[in-house]
Structure formats: structure tokens, C-alpha cells
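Novice: Let me see the structure of the following:
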Amino acid sequence: MNRRNFINRTSIAAFGGTGLLNGLTKEQSFFNKSKIEVQGNEILPTAAQKTWMDLHFGMFVHFGINTFYDKEWSDGSLDPSAFNPKKLDTDQWCRVAKAAGMKYIVLTTKHHDGFCLWPSKQTSYGISSSPFKKDVLAELANSAQKHGLKLGLYYSIWDAHEPKFKEDWWAFIDFMKFQLEELLTGYGEVVELWFDGFWKQQRSGWTKKNENLEGEADFEEKSLERDLAFIQAWRSEGAFKWQMDHIYQFIKSIQPNCLVMNNSTSAYPGVPLHPVDIRSGEKYTSVEADRKVWNWLGEAIYLPLQIETTMSVKGNEKFPSGNWFWHDWDHSVLSKEEIKNYLSVAKSMKANLLLNVGITNEGKLRKEDEATLLSL
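Specialist: Got it, this is the predicted structure:
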């Protein structure tokens, strides 16, 4: 498909209008008011959101080029020749997840470094240039189906490797859409698409300097006024730069029931970066006040919460509360009691808990994580 045809295929009405994406039915459209369920004065989740909320507990998997260089984040320059998980065992990941009571699994298909865990036709930076060659995402999709788990995908919209990110922004938007099309058409049903890295094109709205978000943000006092001000800043700047209204409709044209989330960072947990179907509550490890109903396009809509935290509890300067990727020096792990407490917190907040594991350079769960999860 050439670039012009691709753009024509996915064109939508002017910003602020109600035109639908070509091929998208009214029943599938986010703009269709009949999707909003009301009982008395209570705004309820949609059918797709209810199905997702019933999953309750999932495994988040951080795995990629960083795994082989003792890194949490990297700049897209790491040599792919190091990526070679000789004992990759996605069956083990899913078997343990299932035994722990998890119902879905979310993989970092591409982190901020741009390294792809599937053979993307848009870049050579990924498994295609590694000695390993195998499609990690395909392996996981097969294992998830085998063990009865739903599949979710993490995708960083920030890409430190791809030259278009800095040199040709509109070409980069096309690059991103082509990759999303690969992910949403090649691996079966996707229950959740987890965007990350939006802040690289968001200059305004922060209460601190943008650079301070390179890592785990410090706690700040939350308020509705602060949250709404940031949403407004996002809508007037970041959402346009990333073309997120367009991207959202494009996703729904391929998989209408795939729920979209845009990580609002640990600086603004629970704040929706519209348009989304789920909100992110990174590191919510105690019960917090959480607003479920938000205004979008003149309507009150329900947006469920997903709480993300990690099995590691020994981090570094940028991630003091725990690592997300595997490091051979880190054997710290949440206790069974702590995980049960986090599940209780999630239940109290009517949220899902997505618990992260960092896969080793062999391609398996850490022994500490496996033992703890099986003890549940």
C-alpha cells in the first residue's frame, strides 16, 4: 500500500467534526452516544470495558534490547546483535500467569528505544537484525491462546531510533500507523493497546520541567483543577501533534473492541489523555480517591483504571521504587503479602492490577518472580 492510499484509507473529518473513519460503522464508533450506558443518574462502563474489567489481574512483561545491556531506558543506539534469548519460553510466562490468577498479559512490543519484538517492515531495528530472529510477539500470542489469557500490547509512541521522529514528523505519524496496523492485524484479538512516551511532544501543562519526567516522577499533590488543566494542555498541544484523534479512530477501524490507554505518567496518575478507553494509575499501591466519570465530547463517560507496578522493589536513581526490565544484580521481589495487598487496593478502587515482570536475558521469568507468583 503506498503512502497516499494509506492516508486516503484512514482519513477522517476535520478536527471537532463527527465524521467517521472509512469502513467504521456507527456501532463501532467512539462518537456513538448509544455506547454510553446510564442507569438512573449513574454512568456505566460500556460492554467492552466491562469485559476488560472482568479480567481484574494481568501480567506486564518488560523485555527488549535493554534486557541485554543492563538498562531501563536507552537511546536507540544499542547493537541488536546482543539480543539472543536462547531459552525463550513464553509458555512459562503464561503458565505462571495463569497459575497466579492472571487473565491477561501485556508485552512491551516496542519501548522508547524503538527496538521491535516483531518483524516490522517499517524498520530493521529489532529482532530481524538480531541473531535470534524469531517473532517474540507471535510466540507470546500463541502461548497466551494456549493458556487462555487475553493479549495486550504496550507500544511506545516515542521512538529514539527512528530518524523520522526528529526529521519528518508527518512521515513519522505514517510510520507509527503502519506499525500499529502490523500489530493489530497479525496477532489475533488485542484486548488492550498501551501507549507510552507522549511527553516527548508535550511542552506545556507540566507543573515541573518536562525533562524531570525522564523516569519515575516525584509525588505531587493531586487536585481536580490540576488534572483538568493538564487535560486541556494535552488537548491543545500533544493530542494534535501526535494526531491521537486520528490514531484512535484508526485503531477502532481495525479492532473495535481493543481498548486504548495512554500512560499519563506517574506525575498525573488516573488522568485521561483523551481519546482513551482506560486510564493508567502507575504505582497506585495504596487506596486513592479516583474519579471514574469524565467529560469527553460533551458527554459524561466512564473510564476504568489500570494500576501498574513491578515485582522488583530495588530500583535506581530514575526508578527508585523498582526496576521494570531485568538486571542480573537485582534479586529483590515483592512478597506474596504485598501482592495480595495490591490486589486488595485494586479491588477497592474498582481497578485492574497489571503486575510487571522483567524477563531475563535467557528469555524466562526470574526465579524469584516465578516462585512468588506460584505461591499466590
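
Novice: I'd assumed Val106 was in a helix, is it?
Specialist: No. Counting by DSSP: H, G, I helix; E, B strand; the rest coil, Val106 is not found in a helix; it is strand.

Novice: Find the nearest non-adjacent residue to it, please.
Specialist: Closest residue to Val106 apart from its sequence neighbours, by Cβ to Cβ, 6 or more residues apart in numbering: Gly152 at 3.6 Å. C-beta: built from backbone N, CA, C; applies to glycine.

Novice: what's the answer for Gly126, then?
Specialist: In space, Gly126 comes closest to Cys116 once its chain neighbours are excluded; the distance is 3.2 Å by Cβ to Cβ, 6+ apart.

Novice: neighbours of Phe132, just the number please.
Specialist: When neighbours are counted by other Cβ atoms under 10 Å, Phe132 registers 18.

Novice: now swap in Lys133 and tell me
Specialist: Counted with other Cβ under 10 Å, Lys133 comes out at 11.

Novice: isn't it right up against Ile127?
Specialist: Yes. Using Cβ atoms under 8 Å, Lys133 is in contact with Ile127, at 6.2 Å.

Novice: Quickly list what's touching both of the two.
Specialist: Counting by Cβ atoms under 8 Å, 6 or more residues apart in numbering, Lys133 and Ile127 have no common neighbour.

Novice: thinking again about what came up before, direction included, what does the helix or strand hosting the residue nearest to Val106 pair up with?
Specialist: Using DSSP states H and E, Gly152 falls within strand 150-156. Note on strand 150-156: by DSSP bridges, its sheet partners are strand 104-110 (parallel), strand 192-196 (parallel).

Novice: could you point out where the protein is predicted with low confidence?
Specialist: 1-40, 209-213, 218-219 (pLDDT under 70).

Novice: What segments of it are helices?
Specialist: Counting by DSSP state H, the chain has helices at residues 3-9, 47-53, 90-99, 136-146, 164-167, 169-185, 224-233, 239-242, 244-254, 336-348, 367-375.

Novice: Save the ones you listed as a markdown table, and put in distance to Leu354 and mean neighbour count too.
Specialist: Shown next, in a markdown table, are the helices of the chain (distance: least, Cβ to Cβ, whole Å; neighbours: other Cβ atoms under 10 Å):
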| stretch | distance to Leu354 | mean neighbour count |
| --- | --- | --- |
| helix 3-9 | 32 | 11 |
| helix 47-53 | 11 | 17 |
| helix 90-99 | 11 | 20 |
| helix 136-146 | 14 | 20 |
| helix 164-167 | 27 | 14 |
| helix 169-185 | 18 | 18 |
| helix 224-233 | 21 | 15 |
| helix 239-242 | 23 | 19 |
| helix 244-254 | 19 | 21 |
| helix 336-348 | 9 | 15 |
| helix 367-375 | 13 | 17 |
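
Novice: who wins for proximity to Met261 among those helices?
Specialist: Of all the helices of the chain, helix 47-53 sits nearest to Met261, with 10.0 Å by Cβ to Cβ.

Novice: Contacts for that closest one, please.
Specialist: Outside of helix 47-53, the residues within contact range by Cβ under 8 Å, 6+ apart are 45, 191-192, 256-257, 259, 277-278, 302, 304, 350, 352.

Novice: Can I get it as PDB, trimmed to CA atoms?
Specialist: Extracted in PDB, the C-alpha atoms of helix 47-53 (Å, rounded to 0.1, in the frame of the first residue of the first chain):
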ATOM      1  CA  ALA A  47     -19.800  -3.700  27.200                       C
ATOM      2  CA  ALA A  48     -16.100  -3.800  26.100                       C
ATOM      3  CA  GLN A  49     -15.000  -2.000  29.200                       C
ATOM      4  CA  LYS A  50     -17.000  -4.400  31.400                       C
ATOM      5  CA  THR A  51     -15.300  -7.400  29.700                       C
ATOM      6  CA  TRP A  52     -11.900  -5.800  30.300                       C
ATOM      7  CA  MET A  53     -12.700  -5.000  33.900                       C
END
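
Novice: which residues sit against stretch 281-296?
Specialist: Residues contacting stretch 281-296 (Cβ under 8 Å, 6+ apart): 43, 216, 222, 224, 263, 265-266, 269-270, 272, 274-275, 300-309, 321, 341-342, 345, 348-351.

Novice: Distance to Asn316 added to the helices of the chain, as JSON lines?
Specialist: As requested, the helices of the chain are exported to JSON lines (distance: least, Cβ to Cβ, whole Å):
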{"stretch": "helix 3-9", "distance to Asn316": "41"}
{"stretch": "helix 47-53", "distance to Asn316": "32"}
{"stretch": "helix 90-99", "distance to Asn316": "24"}
{"stretch": "helix 136-146", "distance to Asn316": "25"}
{"stretch": "helix 164-167", "distance to Asn316": "25"}
{"stretch": "helix 169-185", "distance to Asn316": "29"}
{"stretch": "helix 224-233", "distance to Asn316": "27"}
{"stretch": "helix 239-242", "distance to Asn316": "29"}
{"stretch": "helix 244-254", "distance to Asn316": "31"}
{"stretch": "helix 336-348", "distance to Asn316": "20"}
{"stretch": "helix 367-375", "distance to Asn316": "18"}
